[in-house]
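Colleague: Sequence isn't available, so here's the structure alone:
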């Protein structure tokens, strides 16, 4: 295994690539009781169209999420969740637009739990009966999501920004779309994207990296087979929103809003990591808790503590999102455009820039205490061609000019869209 010492953060990373293509990352933490492992596939809800063995597949919305549910079924009729829980682990899984993660946390029997994790994710078992049984469960989950104002606002917003890209559709699909999911569809998607060369295993805890490597090789084996490239469809029009403004009523106590724009993602590797660091730091400077924009609107009662921001990169897309709660979202929108114009003309002060950078460094250092977050970030970075542990050193080299350029480009006139969900009248 290759060893990399990060002296600036006191971490050591062991990495390797197995003959089957699986990428492996281990951060040993001597003396810590808890261990965390994530087995991730570079496959999510947006990867719906692909070509496998010369055959083109156009799969329904929701297959990646449906597959995540069914992977816990074992051929003997038991559930991997039951087995891991009985063995002292806390297991779970999640599916996003571009990645599916299976993971567990435990304080004992780590090697047994790791073998279980690798075994069930590499053992597809789908029958007509079990797939049909799961359909009702997933339909209920979808309906609960449709009743969630936050999720409704999020997908309304994505549909405003993207006219065609599958990221605009819910990861879980719809009650109608999942009716078309069959064992054959699940097998095709599993065969296409759950190849070891399209997966990543990340572990952090008091473990022996060589033993993790040995166990992964024993359980998985297999050959390094090719993986199809998802087809996301035609490129979207220039970076302007498909629908600049949308207003909808829902069962909320106060108006909620999202403001943002489409971003052009950087190529994979260090440039992708740097883009993420620049965008997050620029947003902290522009609308963070200590920014003139937020403090002024908070004092005026236009914003409250229910306020957040992020730059979200997934499946060949980049999305700037600023969200919160306000009695007058349109006034917040106008204030944001005015502040972006001011910063584009005047820039950020050196003092505020250095203070924001130190705050970002502190937040990332605190994040190293969360083993789960570290492992998922390692997997996500591996699929994008960079190591997430390089972020802290790279953040130190981000310049004020880069942050100012981000604001000028991402919030140029005409680029921003506004989505509002407000209380039902009466």
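Modeller: Received the coordinates, thanks. Only a predicted model underlies this, so the values are computations on that prediction, with no experimental measurement involved. Residues are numbered from 1 along each chain as shown.
Colleague: how about residue 22, what does it touch?
Modeller: Neighbouring residues of residue 22 by Cβ atoms under 8 Å, 6 or more residues apart in numbering: 196-197, 199-201, 216, 220. To be clear about C-beta, it is placed using only N, CA and C from the backbone, and glycine gets the same treatment.
Colleague: And the pLDDT for it?
Modeller: Here, the pLDDT recorded for residue 22 equals 97.
Colleague: mind checking how far residue 115 is from residue 203?
Modeller: Distance of residue 115 to residue 203, computed by Cβ to Cβ, to the nearest Å: 13 Å.
Colleague: Tell me which of those two has more neighbours.
Modeller: Legend: neighbour count by other Cβ atoms under 10 Å for residue 115 and residue 203, higher for residue 203 (25 against 16).
Colleague: part of a strand, is that one?
Modeller: Yes: Residue 203 forms part of a strand when assessed by DSSP: H, G, I helix; E, B strand; the rest coil.
Colleague: What residues are recorded as beta-bridge partners of it?
Modeller: Note on residue 203: beta-bridge partners by DSSP bridges are residue 26, residue 37.
Colleague: can you tell me which residues contact it?
Modeller: By Cβ under 8 Å, 6+ apart, the contact set of residue 203 is 25-27, 35-38, 114, 212, 375.
Colleague: do the same with residue 384
Modeller: Residue 384 touches 268-269, 272-273, 313, counting by Cβ under 8 Å, 6+ apart.
Colleague: now do residue 190
Modeller: Residues near residue 190 by Cβ under 8 Å, 6+ apart: 67, 124.
Colleague: any idea how far it is from residue 76?
Modeller: Taken as Cβ to Cβ, the span from residue 190 to residue 76 is 19 Å.
Colleague: now residue 241
Modeller: Distance from residue 241 to residue 76, by Cβ to Cβ: 51 Å.
Colleague: of the two, who's got more company?
Modeller: residue 241 (23 against 6).
Colleague: so is that one in a helix, a strand, or just coil?
Modeller: Following three-state DSSP, residue 241 is assigned to coil.
Colleague: wouldn't it be in contact with residue 163 here?
Modeller: No: look at residue 241 against residue 163 with Cβ atoms under 8 Å: they stay out of range, at 9.2 Å.
Colleague: So for the two, which residues contact both of them?
Modeller: With contacts defined as Cβ under 8 Å, 6+ apart, no residue is shared by residue 241 and residue 163.
Colleague: Which residue lies closest in space to the residue nearest the centre of the chain, excluding its sequence neighbours?
Modeller: In the chain, the C-alpha nearest the mean C-alpha coordinate belongs to residue 96, at 5.8 Å (Cα atoms, centre = their mean). The shortest distance from residue 96 to any non-neighbouring residue, by Cβ to Cβ, 6 or more residues apart in numbering, is to residue 44 (4.9 Å).
Colleague: And for the one you found, the neighbour number?
Modeller: 25.
Colleague: That one touches residue 95, doesn't it?
Modeller: Yes: using Cβ under 8 Å, residue 44 is in contact with residue 95, at 6.0 Å.
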